[in-house]
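Novice: Below are the sequence and a predicted model for it; my questions follow.
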Amino acid sequence: MVEGDVAPQVQEDDDEEDDETEELPVEPPTEESHPGYEYIQQEGDTEAKIELGEQLYFDPRISETGTISCNTCHNVMEGGDDSRPTAMGVHGQTGPVNSPTVWNSGFHHTQFWDGRADTLADQAEGPIVADVEMGMPDHEAALDRVRAVDGYVEQYEEVYGDEVESDDPEDLVTLEHTVDAIAAYERTLVTPNSSYDQYVEGDADALTEQQLDGMESFQELGCQSCHSGPMFSGQWDDPESGEGVYQRHPTFEDNPQCEEYVEEYDLMENPGRAGVTDDEADEYMYKVPTLRNVEHTAPYMHTGEVPTLEEAVRVMATCQLDEEPSDEEVEDITAFLTSLTGEYPEQEMTRLPAPSGESMIPADADAEFEDIEEEPEEDTDQVEADGGDGIPGMTIATAVIALAIATATALVGYTRRLDE
């Protein structure tokens, strides 16, 4: 076939697609299906870089206590979050907002609820040193742990050696390279080919009757005014650009029902984007989240306090659209949202490189950071209440009970000797 024959064939295929779309029983809210990994793949995203990024993503040893990894709060073995209201980091500390899903995050124009990071790589820098997340005192402390592992250094050399023209771990294992590799892995986390995608591509039978009804209600209420485009987030065409898409939440806080939701779910306890910009106009402004796979990311909202998807539909309809949908509409919209769940790529637990004969985490890891995080002072009042005997946790009440048990045991023994 010569080049001139290609265009008519493409046009013919396009015409067939248009005909198929016209036959769909309900017009979908987007013209595009999920764009797929190819849309966000970057030129340097090689298999070796992605493998390195996956290992770093799953490695908890670059946290202060050796217990928290990226995957802890953004679990790719499920919905890409952690199923908690707010994430739990080192020492059981919790953050201020709900963990967004990592699935399809490569399509976002900005990262975090408040949009403070433009790219996936920028986002990956923050949690490593956040005291309520991975808790490292600085990035160099985390990088030093990685540099101490020959297996890691060898992989960095394979991926970045030609770029830096050095085999020195200090030159290879840098923050820029580390977050670049993590971002390359995260871009692979896409979930195409949902029932909705199949429907948009012309399969009129891909959605159930209830999902079709829900799709109509979704559009009639105006949900797509924010949750637009194939990612249902208002953003996808210019990924990692820094051009954020934000909406005030709540918008209709004077709605009586919304006032109840605001109080019940603490919707106005966080300043939103204003915490980044110090601009009053940005107060309660948040990045519009994707609705892809939303059925798997409960609990909902930036507070993580809305327990179910049906309740989330009610809250959003009331507080964002000033609407009060019927129970049937809520059930139908919820059913439609489940059609946005795509195919999760298989994830195998990656093997992490380890140093020979020693731990990657120092035995005195906590003591190592005493100058960063002060140890709580001993409660002298509690010591006095413990009777000053130096027995940890032995309160006066506990001591009395222990004494009573010992006395009873002694009396029983004495009685038995008398009987003999």
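Specialist: Structure received.

Novice: quick one: contacts for Ser241?
Specialist: Ser241 makes contact with His109, Asp118 under the criterion Cβ atoms under 8 Å, 6 or more residues apart in numbering. (C-beta placed from N, C-alpha, C; glycine too.)

Novice: run the last query once more with 10 Å
Specialist: Applying Cβ atoms under 10 Å, 6 or more residues apart in numbering, we find Ser241 in contact with His108, His109, Thr110, Asp118, Thr119, Gln235.

Novice: And those, which is the shakiest by pLDDT?
Specialist: For the contacts of Ser241, the weakest pLDDT value sits at Gln235, with 95.

Novice: that older thread, take the contacts of Ser241 and write them to JSON lines, including distance to Val313 and secondary structure.
Specialist: As requested, the contacts of Ser241 are exported to JSON lines (distance: Cβ to Cβ, whole Å; DSSP: H, G, I helix; E, B strand; the rest coil):
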{"residue": "His108", "distance to Val313": "22", "secondary structure": "coil"}
{"residue": "His109", "distance to Val313": "25", "secondary structure": "coil"}
{"residue": "Thr110", "distance to Val313": "25", "secondary structure": "coil"}
{"residue": "Asp118", "distance to Val313": "31", "secondary structure": "coil"}
{"residue": "Thr119", "distance to Val313": "31", "secondary structure": "coil"}
{"residue": "Gln235", "distance to Val313": "21", "secondary structure": "coil"}
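
Novice: For the buried ones among those residues, write the corresponding ChimeraX selection.
Specialist: The following ChimeraX command selects only the buried members of those, with burial defined by 16 or more other Cβ atoms under 10 Å:
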select :108,109,110,118,119,235
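
Novice: Farthest pair within the contacts of Ser241?
Specialist: Spatial extent of these (Cβ to Cβ) is set by the pair Thr119 and Gln235 at 13.2 Å.

Novice: what residues do those two have in common as contacts?
Specialist: If you check Thr119 and Gln235 against Cβ under 10 Å, 6+ apart, the residues they both contact are His108, His109, Thr110, Ser241.

Novice: what would these look like in JSON lines with distance to Phe58?
Specialist: As requested, these are exported to JSON lines (distance: Cβ to Cβ, whole Å):
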{"residue": "His108", "distance to Phe58": "22"}
{"residue": "His109", "distance to Phe58": "26"}
{"residue": "Thr110", "distance to Phe58": "25"}
{"residue": "Ser241", "distance to Phe58": "28"}
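
Novice: which one of those residues is nearest Glu216?
Specialist: When the shared contacts of Thr119 and Gln235 are compared for distance to Glu216 (Cβ to Cβ), His108 wins out at 27.6 Å.

Novice: Do I have it right that that closest one meets Tyr246?
Specialist: No - contact between His108 and Tyr246 fails when scored by Cβ atoms under 10 Å: they sit 11.7 Å apart.

Novice: which residues sit in contact with the nearest residue to Pro230 once chain neighbours are set aside?
Specialist: Once its chain neighbours are removed from consideration, Pro230 has its nearest residue in Glu32; the separation is 4.3 Å (Cβ to Cβ, 6 or more residues apart in numbering). Glu32 makes contact with Asp197, Val200, Glu201, Gly229, Pro230, Met231, Trp236, Asp237, according to Cβ under 10 Å, 6+ apart.

Novice: Please convert the buried members of those into PyMOL selection syntax.
Specialist: One line in PyMOL is enough to select the buried ones among the contacts of Glu32; burial here means 16+ other Cβ under 10 Å:
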select buried, resi 197+200+229+230+231+236
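
Novice: Redo the contacts of Ser241 as CSV? Include distance to Val262.
Specialist: Output for the contacts of Ser241, formatted as CSV (distance: Cβ to Cβ, whole Å):
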residue, distance to Val262
His108, 26
His109, 27
Thr110, 25
Asp118, 30
Thr119, 33
Gln235, 26
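
Novice: on that earlier part again, my read is the residue nearest to Pro230 is in a helix, agree?
Specialist: No - Glu32 is assigned coil when assessed by DSSP: H, G, I helix; E, B strand; the rest coil, not a helix.

Novice: gap between it and Tyr39?
Specialist: Note on Glu32: its distance to Tyr39, by Cβ to Cβ, to the nearest Å, is 10 Å.

Novice: shared neighbours of these two, anything?
Specialist: Pro230, Trp236, Asp237.

Novice: Tell me where the stretch 101-250 of the chain has helices.
Specialist: Counting by DSSP state H, counting those that start in this stretch, the stretch 101-250 of the chain has helices at residues 120-129, 139-147, 150-164, 169-172, 175-186, 195-200, 209-221.

Novice: Identify all contacting residues around the second one.
Specialist: Around helix 139-147, the neighbours that count as contacts under Cβ under 10 Å, 6+ apart are 55-56, 59, 61-64, 66, 125, 128-129, 134-136, 138, 152-153, 155-156, 168-170, 172-175, 177-179, 353, 355, 360-362, 365, 368-369, 372.

Novice: Can you go through these and name the buried ones?
Specialist: Buried among the contacts of helix 139-147 by 16+ other Cβ under 10 Å: 55-56, 59, 61-64, 66, 125, 128-129, 134-136, 152-153, 155-156, 169, 172-175, 177-179, 353, 360-361, 365, 369.

Novice: if I look at Val97, how far off is Pro299?
Specialist: Taking Cβ to Cβ as the criterion, Val97 is separated from Pro299 by 12 Å.

Novice: any common contacting residues for those two?
Specialist: Pro85, Thr86.

Novice: now Leu172: how far from Ser63?
Specialist: Leu172 is 21 Å from Ser63, where distance means Cβ to Cβ.
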